[in-house]
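**Q** can't give you the sequence, but here's the structure:
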């Protein structure tokens, strides 16, 4: 019930937002929110900290960017292709990474992501350090012109809603129950007969696919696919977004992504632009020290206490 | 040799970097028994237990379940054969509800555990069976509580309900009464007795009172090897067992007294029963 109301509020908010705020900013928020939701599925609901999730964001971006630039494919097909490629990469990386736990899992994902970073740096189709610029947005289904920002916005919003729905469905599915059981007590889940690595792997692939979808969409929005999106900074940023918003909560990643993107946008316009990394770092430290449950998590706690 | 064994080990051995924790253990667990594995601290009980449940890999030796070699199988695989273990600390899923805990076990037979596109409402049809199982262990009224809020004894009861949900042929219980108050100990002991019907149970237990009450057969371990085996009277009468528990006693005989009472003088038993 509670969730349904929040969902309706989210949809209404999303539909009306471009009347008040700059659509490109909103699209950026939505792309990162989707990315953070995908990441949160792993961190918040399986307890896996992937420190290389940018690679899936970037892979989706490059594939979609390349297809849009060189072929006549429509945007929805290009995004689908980017998503599938990220999922395929996630399937391979996940298989290797879930064999390890805790910090080792994080290190394996980071190492594998760095590997791909250098591949993208050298590969001929990525444009190296320049990236893919001027990627056309194309026409959705062949007749909706996405170069119009409002059209693009609602397209991105639809993609976001789909991804958000899928994450929530996964969390509240029979599969999600097992994921939560693994997060809560892995040895017990094993002793009940579950091959926990298979479940972790499946969650990893879903998360990678959605991260890829976020990257694909982002490339269309900014008409740019660059090394930034595969850099480990980006992997760190999604950790920050998720923690700041509240890991393991449904709306946390959205709030976190909106906060981080909002702060970055605000700072980069002002005199503090040079200190952006220091400020983000400080926010991260304060978040970890003072309110570990994140914005949404603390909010839930407050509600519980007072009502 | 007509006895029907559920679980057998032959020359089971585990070495950790030169230290032999378990040495040539030949364990035979008869079908339908409650079989207790006892021994002083550091005797290798938990190591044996972890070998049997595949959480450790034996250095050498064989483990047979119903005659099938399970030595190299993975923990989850033997669970699917019907060997379900418990843990020393209560093994529950703390932030799921009590009902959900049991459902996680019931869900395995549904074959929908990878269905991420379905609503969890499809699991609701398992609720009746889950409540039934909870009722068996006296937890039905807590079905919708968060597990983390249960008392320790109730968590253990929940663990047993979860284990029973899988209809295990062999239950392996690792110190089921560890860290419990007296009342809880009796409740859990009764529960074990009750669920042992039609099942085989192998348990590691410190509390000799519980062992004397429950076990049909007892294996005593010392320094990784089997010291003796038999029913409670045989084992408790064995001077070597007393020595193992109490240390060397010089001609000190306490005839007619039960070993449990005697053993309760020893420090480590006291700790366990406290």
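**A** Happy to help now that I have it. Since the model is a prediction, treat every value here as computed from it, not as a measurement.
**Q** can you give me the helices in chain B?
**A** Assigned by DSSP state H, chain B shows helices spanning B:45-52, B:75-81, B:98-107, B:127-136, B:152-165, B:182-195, B:208-214, B:232-237, B:239-246, B:259-263, B:267-273.
**Q** which other residues reach the third one?
**A** Read that as helix B:98-107. The contact list for helix B:98-107 (C-beta atoms under 8 Å, 6 or more residues apart in numbering or on different chains) reads A:174, A:177-178, A:181, A:189, A:192, B:92-93, B:96, B:113, B:123, B:126-127, B:129-131, B:133-134, B:139, B:142-147, B:150, B:158, B:161-163, B:165-166. In this view, the C-beta of every residue, glycine as well, is placed from N, C-alpha and C.
**Q** one step back: among the helices of chain B, which is the most enclosed?
**A** Among the helices of chain B, the stretch with the highest mean neighbour count (mean count of other C-beta atoms under 10 Å in any protein chain shown) is helix B:98-107, at a mean of 26.
**Q** And the residue nearest the centre of the chain?
**A** Using chain A here. Residue closest to the average C-alpha location in chain A (C-alpha atoms, centre = their mean): residue A:35, at 0.8 Å.
**Q** Chain B, not that one
**A** Geometric centre of chain B, nearest residue: residue B:173, 1.1 Å, by C-alpha atoms, centre = their mean.
**Q** Looking at that residue now. What's its pLDDT?
**A** Per-residue pLDDT puts residue B:173 at 87.
**Q** do the one 10 residues further on as well
**A** At residue B:183 the predicted local confidence, pLDDT, stands at 77.
**Q** Name the nearest residue to it, ignoring sequence neighbours.
**A** residue B:153 (7.5 Å; C-beta to C-beta, 6 or more residues apart in numbering or on different chains).
**Q** I'd like to know how far that neighbour sits from chain A.
**A** Distance check for residue B:153 against chain A: by C-beta to the nearest C-beta, to the nearest Å, it reads 18 Å.
**Q** how about the residues of the stretch 101-250 of chain A that lie near chain B?
**A** Taking C-beta under 8 Å from any C-beta of the partner chain as the criterion, the stretch 101-250 of chain A approaches chain B at residues A:169-170, A:172-178, A:180-181, A:184-185, A:187-196, A:198-199, A:202, A:206.
**Q** Show me which of these are buried.
**A** A:169-170, A:172-178, A:180-181, A:184-185, A:188-196, A:199, A:202, A:206 (16 or more other C-beta atoms under 10 Å in any protein chain shown).
**Q** related to what we said a few turns ago, wait, the residue nearest to the centre of chain B touches residue B:189, no?
**A** No - the criterion here is C-beta atoms under 8 Å, and residue B:173 misses it with residue B:189 at 11.0 Å.
**Q** Give me the neighbour count for residue A:11.
**A** Residue A:11: 13 surrounding residues under other C-beta atoms under 10 Å in any protein chain shown.
**Q** do residue B:27 as well
**A** The number of residues packed around residue B:27, counting by other C-beta under 10 Å, is 21.
**Q** Once you drop chain neighbours, what's closest to it?
**A** residue B:9 (4.5 Å).
**Q** Hmm, residue B:181 and the residue nearest to residue B:183 touching each other?
**A** Yes - judged on C-beta under 8 Å, residue B:153 makes contact with residue B:181 at a distance of 7.4 Å.
**Q** circling back: check contacts around the residue nearest to the centre of chain A.
**A** Residues in contact with residue A:35 (C-beta under 8 Å, 6+ apart) are A:53, A:57, A:210-211, A:214-215, A:238, A:241, A:257.
**Q** One more: residue B:65?
**A** For residue B:65, the contacting residues are B:6-7, B:78, B:81, B:83, B:170, by C-beta under 8 Å, 6+ apart.
**Q** just residue B:115 next, same as before
**A** A:173-175, B:122.
**Q** ok, then the element right after the particular helix or strand that has residue A:213 in it?
**A** Element membership for residue A:213, per DSSP states H and E: helix A:196-222. Using DSSP H and E, the next helix or strand after helix A:196-222 towards the C-terminus is strand A:224-225.
**Q** Contacts for the helix or strand that that following strand is followed by next, please.
**A** Per DSSP H and E, the first helix or strand lying C-terminal to strand A:224-225 is helix A:232-245. With C-beta under 8 Å, 6+ apart as the test, helix A:232-245 has contacts from A:32, A:35-36, A:39-40, A:43-44, A:49-55, A:57-58, A:110, A:113-114, A:117, A:228, A:251-257, A:259-260, A:280, A:283-284, A:287-288, A:292, A:294-296.
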